[in-house]
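> pasting a predicted model and its sequence here:
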2 protein chains.
Amino acid sequence: MFMGASTKQGYDIAEKSRKIVKSLIDDKTAHLTPEERAIVERMVHSTADPEYADITRISDDFVHESLKSIRNGGDILTDINMVKVGINRYHGNVNCYIKDERAVKIAKESGITRAAAAMRVAALEGFEGIVAIGNAPTALLEVLDLVQRGEMNVKSVIGVPVGFVGAAESKKALQETEIPYLATEGPKGGTPVAVAAVNALINLDMGKV
Amino acid sequence: MFMGASTKQGYDIAEKSRKIVKSLIDDKTAHLTPEERAIVERMVHSTADPEYADITRISDDFVHESLKSIRNGGDILTDINMVKVGINRYHGNVNCYIKDERAVKIAKESGITRAAAAMRVAALEGFEGIVAIGNAPTALLEVLDLVQRGEMNVKSVIGVPVGFVGAAESKKALQETEIPYLATEGPKGGTPVAVAAVNALINLDMGKV
């Protein structure tokens, strides 16, 4: 069942919500592919904020590369645990290293955030797959650095960190790379947005739109 | 350190964000107490959405009763695990029963959502403290039912479920009870909003505004 519903009541609510979301954003998403539209719909469903239909940017290769990674059982890497626990139906690994003692050590030694340090730990661990950043701009920028230096094997990046300091800039920087991306413009984003995008991809992989 | 920062860089970002948030919502929050303002600021910081300053409703007794519960080490009950993992600096218990086998069983037998069934499990477990609902309107309505029937000992409720179906109505219903509450008007809300409110209370308890 879609939208995270696992009971009849949950399913009915999700179905009703889906219709409302569609009616709110159908015009704004007319230029998207059905797969991209399914992703944006889930983002709006999760936030009750139709503005995500205006501010979401998806590169042409994002859906294809992300679904290939999921089909291959590639890893999913998240910046914080709130994103990790929201992705609860994936057949592969969902990793978050923010509490890993190496991340704590690197953060302290290098004067960077723990979320950014956690990206370095993932690279050391040989991560290969989709990165989902729902909170920390510093983690997103670290991923871009690691990819540029050839130290991280990224298939796609969902970059939707939130906040008034650095978030918009980090998402702009992502869009200027060659990495397949989904990003939001401006300060808005967040863990439910990242979770919605990943879970929509997982549903698409299972043949549900 | 506030706003979840645990490193120098994280602290600097949080400090800068705090100033921007203040400048965006200072006028709108002038009628609030300093404690209430600290909570709303953190909600806006977490979502990058100043609208939370307009749509947040806090009962007069909410801060007092919530801080008393925290000081006494009362439980914190969440509807889903995304809220639970976001509350990572509390000295007491933070519980979520959505994956508890009893919740799965009750949901199936009664045809209710698992999030709602999880509230019944908490009541059976003798929960006493603050309820934080960031996702499921059905869980919030279940809490109101349990309290009305005298089956649950609630000190305060943070009711910020999100969505176009039932969320607004459930939050209206909360505001019509005698329970100390924090709620949002309309469909908006979410797990980061619930986490922000709880973590702001924990910081206030530690003497940080």
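Thanks, I have the structure now.
> and the pLDDT at residue A:209?
If you check residue A:209, the pLDDT there is 56.
> what do you get for residue A:84?
98.
> am I right that it is in contact with residue A:90?
No - taking contacts as CB atoms under 8 Å, residue A:84 lies outside contact range of residue A:90: 10.1 Å. In this view, the C-beta of every residue, glycine as well, is placed from N, C-alpha and C.
> between the two, who's got more neighbours?
Legend: neighbour count by other CB atoms under 10 Å in any protein chain shown for residue A:84 and residue A:90, higher for residue A:84 (25 against 17).
> show me the contacts for the more buried one.
By CB atoms under 8 Å, 6 or more residues apart in numbering or on different chains, the contact list for residue A:84 reads A:78, A:94-96, B:85.
> in strands, which of these appear?
Of those, the ones assigned to strands by DSSP state E are A:78, A:94-95.
> so stretch A:138-148, near chain B or not?
Yes - using CB under 8 Å from any CB of the partner chain, we find that stretch A:138-148 touches chain B at residue A:138.
> quick one: residues in contact with that stretch.
Contacting residues not belonging to stretch A:138-148 are listed as A:79, A:112-113, A:115-120, A:123, A:131, A:133, A:152, A:154, A:157, A:159, A:161, A:166, A:170-171, A:173-174, A:177, A:179, B:9-10, B:13 [CB under 8 Å, 6+ apart].
> give me the longest helix you can find in chain A.
Longest helix of chain A, by residue count under DSSP state H: helix A:8-25.
> check which element follows it along the chain.
Later in the chain than helix A:8-25, the nearest helix or strand by DSSP states H and E is helix A:34-47.
> quick one: low-confidence ranges for chain A?
Low-confidence segments of chain A, defined by pLDDT under 70: A:1-6, A:209.
> if you set the cut-off to 80 instead, what comes out?
By pLDDT under 80, the low-scoring segments of chain A are A:1-11, A:208-209.
> show me where it has helices.
Assigned by DSSP H, chain A shows helices spanning A:8-25, A:34-47, A:52-55, A:62-71, A:81-86, A:101-110, A:114-124, A:137-148, A:167-175, A:191-205.
> what is the last one packed up against?
Counting contacts by 3 or more CB pairs under 8 Å, 6 or more residues apart in numbering or on different chains; DSSP states H and E, helix A:191-205 packs against helix A:34-47, helix A:62-71, helix A:81-86, strand A:128-133, strand A:153-159, helix B:81-86, helix B:191-205.
> restrict that helix to CA atoms and write it as CSV.
This file holds the C-alpha atoms of helix A:191-205, laid out as CSV (Å, rounded to 0.1, in the frame of the first residue of the first chain):
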residue,chain,number,x,y,z
THR,A,191,13.5,15.1,6.9
PRO,A,192,9.9,14.2,5.8
VAL,A,193,10.7,15.6,2.4
ALA,A,194,13.8,13.4,2.0
VAL,A,195,11.9,10.4,3.4
ALA,A,196,9.0,11.1,1.0
ALA,A,197,11.3,11.2,-2.1
VAL,A,198,13.1,7.9,-1.1
ASN,A,199,9.9,6.1,-0.3
ALA,A,200,8.3,7.2,-3.5
LEU,A,201,11.2,5.8,-5.4
ILE,A,202,10.9,2.5,-3.5
ASN,A,203,7.2,2.3,-4.4
LEU,A,204,8.0,3.1,-8.1
ASP,A,205,10.5,0.2,-8.0
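> ok and it relative to helix B:34-47, angle-wise?
Orientation of helix A:191-205 against helix B:34-47 (axes from the mean of the first three to the mean of the last three CA atoms, to 10 degrees) gives an angle of 30 degrees.
> with the longest one instead?
With the same axes, to 10 degrees as the criterion, the two stretches helix A:8-25 and helix B:34-47 enclose an angle of 80 degrees.
> give me the distance from helix A:8-25 to the chain's centre.
Distance of helix A:8-25 from its chain centroid, counting by CA atoms, centre = their mean, to the nearest Å, is 22 Å.
> does it reach chain B?
Yes - using CB under 8 Å from any CB, helix A:8-25 reaches chain B at A:8-10, A:13, A:16-17, A:20-21.
> pull out the buried positions in that helix.
For helix A:8-25, the neighbour count (16 or more other CB atoms under 10 Å in any protein chain shown) marks A:9-10, A:13-14, A:17-18, A:20-21, A:24-25 as buried.
> kindly report the same for the shortest one.
For helix A:52-55, a neighbour-count test (16+ other CB under 10 Å) marks A:52-53, A:55 as buried.
> okay, the residues you listed in TSV with distance to chain B next?
Output for the buried residues of helix A:52-55, formatted as TSV (distance: CB to the nearest CB, whole Å):
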residue	distance to chain B
A:52	11
A:53	14
A:55	11
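> which ones are touching the residue nearest to residue A:54 when sequence neighbours are not counted?
The shortest distance from residue A:54 to any non-neighbouring residue, by CB to CB, 6 or more residues apart in numbering or on different chains, is to residue A:28 (6.2 Å). If a contact means CB under 8 Å, 6+ apart, then residue A:28 has A:50, A:53-54 as its contacts.
> swap in residue A:44?
Contact analysis of residue A:44 by CB under 8 Å, 6+ apart lists A:21, A:24-25, A:50, A:52-53.
> one more: residue A:45?
Contact analysis of residue A:45 by CB under 8 Å, 6+ apart lists A:3, A:14, A:17-18, A:21, A:196, B:163-164.
> over to residue A:41?
Contact analysis of residue A:41 by CB under 8 Å, 6+ apart lists A:18, A:21-22, A:25, A:29, A:200.
> got those as CSV, with distance to residue A:62 columns?
Converted to CSV, the contacts of residue A:41 look like this (distance: CB to CB, whole Å):
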residue, distance to residue A:62
A:18, 22
A:21, 20
A:22, 21
A:25, 18
A:29, 15
A:200, 12
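> ok, so of those residues, who is nearest residue B:206?
Checking the contacts of residue A:41 against residue B:206 by CB to CB gives residue A:200 as the nearest, at 38.4 Å.
> got the contact list for that closest one?
A:38-39, A:41-43.
> cool, residue A:176 as well?
Per CB under 8 Å, 6+ apart, neighbours of residue A:176: none.
> against residue A:59, how distant is it?
For residue A:176, the distance to residue A:59 (CB to CB, to the nearest Å) stands at 11 Å.
> quick one on the thing from earlier: out of the helices and strands packed on helix A:191-205, which is closest to residue A:191?
Nearest of the helices and strands packed on helix A:191-205 to residue A:191, taken as CB to CB: helix A:81-86 at 4.2 Å.
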